[in-house]
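Participant: my questions concern the predicted model and sequence given below.
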Amino acid sequence: MTIEGGSTSFPTEFEIPRRRITPAEITSRLDTYFPEIELRIAKPGKKVSLGLKVDEKNRMGEAFVLWGEALNGLNGTYMEPADFFDYFSPQRRVTGYTEARKLLLGDLSPAPNPLLSLASPEGRVEVNIFGGATNRQAIAISEIGDKGEFSPEDLATYQKSLYEVFRPIAERPSEKTRVALGLASDQSLTIDEEDCAATGDTVGGVGLVLQKEGFLPEARRIDVAVATAQALVVLAHLTQKQGIPMEVNVGYASFGLSLGVNENLEHKNYITIAPIPELIDAYPGRIFVVGDMGVAAKRVLSLPWDRWRSDRWGLEGPKSDREVSYVEDILNFHRDLRVGYEKGGLLMMAMVKQALLEAKDPTEFPLVMAVAKRLDLGDRGFGLRLDNLLEYVSSYV
C-alpha cells in the first residue's frame with residue numbers, strides 16, 4: 001500500500017486498532033453486499049472510464065472494481081487468534097489451539113516448510129504460514145516501516161529482511177501446490193506475487209474481474225510476504241464463492257488495520273500492531289507492521305535482486321515514478337503464469353527470480369506485471385483500477 005508522494009512520515013495521530021472483528025462479521029458483510037459490487041470492464045484493446053472524481057491517472061483503466069459497502073468496516077479493527085482459528089482449521093501435526101497460537105504469534109523465522117497449514121471451512125482454500133508474527137525479520141521490517149520514510153540504508157535493510165521472509169515461499173515448487181489442490185498437470189494455475197495483503201481487495205478484485213470475463217484459471221496460488229487475518233478471511237470467502245481451489249502462502253500473519261486519521265479517515269487500512277499481548281511485547285511502542293511497502297520497493301542497486309529489474313522506481317530522473325507494466329515468456333505454456341502488481345510487485349517478482357536462481361531452478365517463466373491501484377472513493381467505499389492484465393491472462397488460461 002503506497003502513500004501518494006511516497007516519502008512523507010506518517011501522521012502522529014495513528015493508533016493501534018481497538019475494535020475486535022470476527023470472521024463471521026466479515027463474511028456476513030460480504031454476503032450482504034456482494035450483489036452490489038460493481039465491475040466496469042473495457043472491451044478488448046479499449047479503456048473504460050471510472051466516471052468518478054479521482055486523480056487523472058486513475059480515471060481510465062482496463063477494468064474497475066467498486067467494492068461499495070462490501071469491504072467497508074475493516075479499518076480500525078483487529079482479529080484475535082482464537083477467532084482466526086474458528087474460521088481456519090489447523091491441519092497436520094498441530095495438537096490444539098494453544099500450540100497453533102504459539103506458532104502463529106511466535107518468533108520462528110520463515111523456513112522451507114510451513115509452520116502452519118490451515119484449511120477454510122469448505123476446504124477449498126489452503127493457507128500456509130511460514131513464520132511467526134514476531135520473527136526476527138518481521139521486527140526489523142517494522143522498526144524501519146514504522147518511521148514512514150526510508151534512507152538508502154533503511155531500504156537495503158528492509159529489503160534484505162523481506163527477502164529472508166519471502167524466499168521460502170518463492171522457492172515452493174508449483175508441483176507441491178498442484179498436489180495440495182488436487183490439480184492435474186493440464187489444468188491452469190496462476191501465481192500472484194504480492195508484498196502484502198491488508199484487506200484482500202487487490203487479489204480478490206482481480207479474481208472477480210477474471211471470472212466476469214471468463215478468464216478465471218482452474219486454480220489460483222497467492223504468494224504474499226505479510227497478510228492480515230482479515231484479508232485471509234476475505235480471500236477465502238470470495239474464492240469459495242467462485243468455486244475454485246486456492247493456496248495462499250504467507251510469510252507471517254498480522255492482525256490489525258489502521259482506522260485512518262482526520263475527519264476523512266485518510267490512510268486507513270494500513271497493517272498495524274494489534275492489542276494482543278504477544279505483539280505488544282514484541283513491538284513496543286510501534287504502530288505499523290510493515291509501513292508503506294510500495295515505497296520500500298524502490299530499487300537499491302547494491303542488492304542482488306536488483307539485477308532482475310529494469311524499472312526506474314526510486315532512481316533519479318523524470319520517469320522514476322511512472323507506472324510500469326510488462327510481460328515475459330507469455331506463451332510459455334509449459335510453466336505456470338506468475339502475476340505481479342507494481343509497485344510492490346516489481347520487487348517481489350525480482351525476489352522470486354533471485355530465489356529461483358539461488359535454488360538452481362529456471363528463472364524464465366510466463367510473467368505479467370500489471371497495474372492494480374487501490375482507490376479510496378469516500379462514500380462509495382474502495383475501488384480498484386486494473387490495467388495491462390486481461391489480454392495476457394486470457395492467452396494463458
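Facilitator: Thanks, I have it.

Participant: what about Val165, is that helix, strand or coil?
Facilitator: Following DSSP: H, G, I helix; E, B strand; the rest coil, Val165 is assigned to helix.

Participant: same thing with Leu384?
Facilitator: Classification of Leu384 using three-state DSSP returns strand.

Participant: what pairs with it across the strands?
Facilitator: Val65, Arg374 (DSSP bridges).

Participant: I'd say it and Leu71 touch.
Facilitator: No: using CB atoms under 8 Å as the test, Leu384 is too far from Leu71 to be in contact (10.0 Å). For every residue, glycine as well, the C-beta is placed using N, CA and C.

Participant: packing partners for the least confident helix or strand in the chain by mean pLDDT?
Facilitator: Every helix and strand in the chain was compared by mean pLDDT, DSSP states H and E; the lowest is helix 390-396, with a mean of 88. The helices and strands touching helix 390-396, judged by 3 or more CB pairs under 8 Å, 6 or more residues apart in numbering; DSSP states H and E, are helix 201-213, strand 337-342, strand 367-376.

Participant: would TSV of these with mean neighbour count and distance to Asp55 be doable?
Facilitator: What follows is the helices and strands packed on helix 390-396, written out as TSV (neighbours: other CB atoms under 10 Å; distance: least, CB to CB, whole Å):
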stretch	mean neighbour count	distance to Asp55
helix 201-213	22	18
strand 337-342	26	17
strand 367-376	22	9
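
Participant: can I get those in CSV with distance to Ala63 and mean pLDDT?
Facilitator: Shown next, in CSV, are the helices and strands packed on helix 390-396 (distance: least, CB to CB, whole Å; pLDDT from 0 to 100):
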stretch, distance to Ala63, mean pLDDT
helix 201-213, 5, 97
strand 337-342, 13, 96
strand 367-376, 10, 96
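
Participant: ok, which of these comes nearest Ser258?
Facilitator: Put simply, out of the helices and strands packed on helix 390-396 the one that sits nearest Ser258 is strand 367-376, at 12.6 Å, with distance taken as CB to CB.

Participant: does anything pack onto that closest one? Which helices or strands?
Facilitator: Secondary elements touching strand 367-376 (3+ CB pairs under 8 Å, 6+ apart): helix 201-213, strand 326-328, strand 337-342, helix 344-358, strand 382-387, helix 390-396.

Participant: each with direction, which strands does the third one pair with?
Facilitator: Which is strand 337-342. If you go by DSSP bridges, strand 337-342 pairs up with strand 189-197 (parallel), strand 367-376 (parallel).

Participant: adding distance to Arg309, write those strands out as CSV.
Facilitator: Conversion of these to CSV gives the following (distance: least, CB to CB, whole Å):
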stretch, distance to Arg309
strand 189-197, 13
strand 367-376, 10
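
Participant: how far does stretch 304-311 sit from its chain's centre?
Facilitator: Mean C-alpha position of stretch 304-311 versus that of the full chain (CA atoms, centre = their mean, to the nearest Å) differs by 21 Å.

Participant: out of the helices and strands packed on strand 367-376, which is closest to Asp306?
Facilitator: Shortest distance between Asp306 and these, using CB to CB, is found for helix 344-358: 6.9 Å.

Participant: what's the average pLDDT for the closest one?
Facilitator: Regarding helix 344-358, the rounded mean pLDDT is 97.

Participant: contacting residues around that helix?
Facilitator: For helix 344-358, contacts defined as CB atoms under 8 Å, 6 or more residues apart in numbering pick out 2, 159, 162-163, 166-167, 170-171, 193-196, 223, 225, 293-294, 296-297, 304-309, 311, 313, 324, 338, 340, 362-363, 367, 369-370.

Participant: where are the low-confidence patches of the stretch 201-350 of the chain?
Facilitator: Counting by pLDDT under 70, the stretch 201-350 of the chain has low-confidence residues at 318.

Participant: what about the strands in it?
Facilitator: Under the criterion DSSP state E, counting those that start in this stretch, the stretch 201-350 of the chain contains strands at 219-228, 246-254, 256-257, 271-272, 326-328, 337-342.

Participant: buried ones in the strand or helix carrying Glu99?
Facilitator: Element membership of Glu99, judged by DSSP states H and E, is helix 97-105. Buried positions in helix 97-105, judged by neighbour count with 16 or more other CB atoms under 10 Å: Ala100, Arg101, Leu103, Leu104, Leu105.

Participant: between these, which is nearest Gly61?
Facilitator: The shortest distance between Gly61 and any of the buried residues of helix 97-105, using CB to CB, involves Leu104 and amounts to 36.9 Å.

Participant: right, and the closest one touches Ile129 too?
Facilitator: Yes: Leu104 lies in contact with Ile129 (CB under 8 Å); the separation is 6.8 Å.

Participant: what do the two both touch?
Facilitator: Once CB under 8 Å, 6+ apart is applied, the residues that Leu104 and Ile129 both contact turn out to be Leu115, Leu116, Ala253.

Participant: quick check on those residues: which are buried?
Facilitator: When those are checked for burial by 16+ other CB under 10 Å, the buried set is Leu115, Leu116, Ala253.

Participant: so for the first one, what pLDDT did the model give?
Facilitator: In the prediction, the pLDDT value recorded for Leu115 is 95.

Participant: I figured it hits Leu103, correct?
Facilitator: Yes: under the contact definition of CB under 8 Å, Leu115 touches Leu103, with a separation of 4.8 Å.
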